[in-house]
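# sequence? don't have it. structure:
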């Protein structure tokens, strides 16, 4: 294996998050693929996070997706609310600022107490899933204008690009676990994923002066298989119970092993 295939992305407060050259798994020889897969798995087991570079998602596609996302959130509020998120089963559509309170708490009273302490999340989002799902249609702005049609086309293409990478990452996890490389294929090649666009609107400084506990999004684990972040701003809880910045690395994806995936090999948190 090339020495640069596995390096360090974050090393702070006993938290070690690896930076993995995924091309070493995709196109390497058998030994290199196994070594890379083990490094990926060990990153998930120890930190719950890894960084992937040379992952095969073109920079131009990422830039185009962010550009369309930015334009979407500039739409009139009333228009966005015509595409509102409806149900957990669908998990599609727009959520306005203040609607969510991100937390791992499950008791309603505890959640309201946390909301009172930290405030509502200062963010808005747009959830996009697999197109054509019976009874769970995506909510698109193509009903409004030509820009909405461009948005829809870009998001569907990007959703499918990420789906293909997800299948490859799950193959690496399988190799790292020492099971058949295609074990997870039937669970994820249908593309039952969520493309979540997030926007953190400008907030006056006084908001944080008034409540020093106010957050953009509360501390949490993710409920799915993996979460990929391409924007930055994440913090990771260290073994010493401090939150450490997952500083963005150009063209790298930060990948979090979420709750569902953690069931396969033990939750490090």
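Nice, I can see it. As the structure is a computational prediction, the values presented were derived from the model and not from experiment.

# helices or strands up against the lowest-mean-pLDDT helix or strand in the chain?
None of the helices or strands of the chain scores lower by mean pLDDT, DSSP states H and E than helix 259-265, at a mean of 72. Using 3 or more Cβ pairs under 8 Å, 6 or more residues apart in numbering; DSSP states H and E, the elements in contact with helix 259-265 are helix 30-46, helix 146-177. Yep, even glycine has a C-beta here, placed from its N, CA and C like the rest.

# Quick one: closest of those helices to residue 83.
Among the helices and strands packed on helix 259-265, helix 146-177 comes nearest to residue 83, with 9.7 Å by Cβ to Cβ.

# Please name the residues that touch residue 184.
With contacts defined as Cβ atoms under 8 Å, 6 or more residues apart in numbering, the neighbours of residue 184 are 167, 170-171, 173-174.

# mind redoing it with 10 Å?
Contact analysis of residue 184 by Cβ atoms under 10 Å, 6 or more residues apart in numbering lists 166-167, 169-174, 177, 225, 261, 264.

# Now tell me what touches the least confident helix or strand of the chain from outside.
Here helix 259-265 makes contact (Cβ under 10 Å, 6+ apart) with 41, 44-45, 48, 104, 170, 173-174, 176-177, 179, 184, 187, 220-227, 255-257, 267-269.

# what separates the most far-flung residue of the chain relative to its centre from residue 47, distance-wise?
Here the chain reaches farthest from its C-alpha mean at residue 210, the gap being 30.3 Å by Cα atoms, centre = their mean. Relative to residue 47, residue 210 is positioned 35 Å away (Cβ to Cβ, to the nearest Å).

# dump the residue contacts of the nearest residue to residue 123 once chain neighbours are set aside.
For residue 123, ignoring the flanking residues on the chain, the nearest one in space by Cβ to Cβ, 6 or more residues apart in numbering is residue 200 at 5.0 Å. Residue 200 makes contacts with 73, 97, 121-125, 216-217, 231, 233, as judged by Cβ under 10 Å, 6+ apart.

# among those residues, which two are most distant?
Taking Cβ to Cβ as the measure, these span a maximum distance of 17.2 Å, between 97 and 231.

# Tell me where this structure has helices.
In the chain, helices defined by DSSP state H lie at 23-27, 30-46, 59-73, 77-81, 108-118, 146-177, 185-188, 205-210, 259-265, listed in chain order.

# Could you list the low-pLDDT ranges of the stretch 151-269 of the chain?
Within the stretch 151-269 of the chain, the stretches with pLDDT under 70 are 264-269.

# hmm, 80 instead?
For the stretch 151-269 of the chain, the stretches with pLDDT under 80 are 191, 213-216, 218-224, 232, 259, 262-269.

# and the nearest residue to residue 163 once chain neighbours are set aside, how many neighbours?
Leaving aside its chain neighbours, residue 163 sits nearest to residue 191 (4.2 Å; criterion: Cβ to Cβ, 6+ apart). Neighbour count for residue 191, taken as other Cβ atoms under 10 Å: 16.

# try residue 178
Counted by other Cβ under 10 Å, the residues lying close to residue 178 total 10.

# Check residue 215 too.
Neighbour count of residue 215, defined by other Cβ under 10 Å: 18.

# Which of the helices of the chain sits closest to residue 138?
helix 146-177 (8.0 Å).

# Below-threshold pLDDT in the stretch 1-150 of the chain: ranges please.
In the stretch 1-150 of the chain (pLDDT under 80), the answer is 1-4, 101-105, 119.

# of all the helices and strands packed on helix 259-265, which lies closest to residue 239?
It's helix 30-46; of those, that one is closest to residue 239 (Cβ to Cβ) at 8.9 Å.
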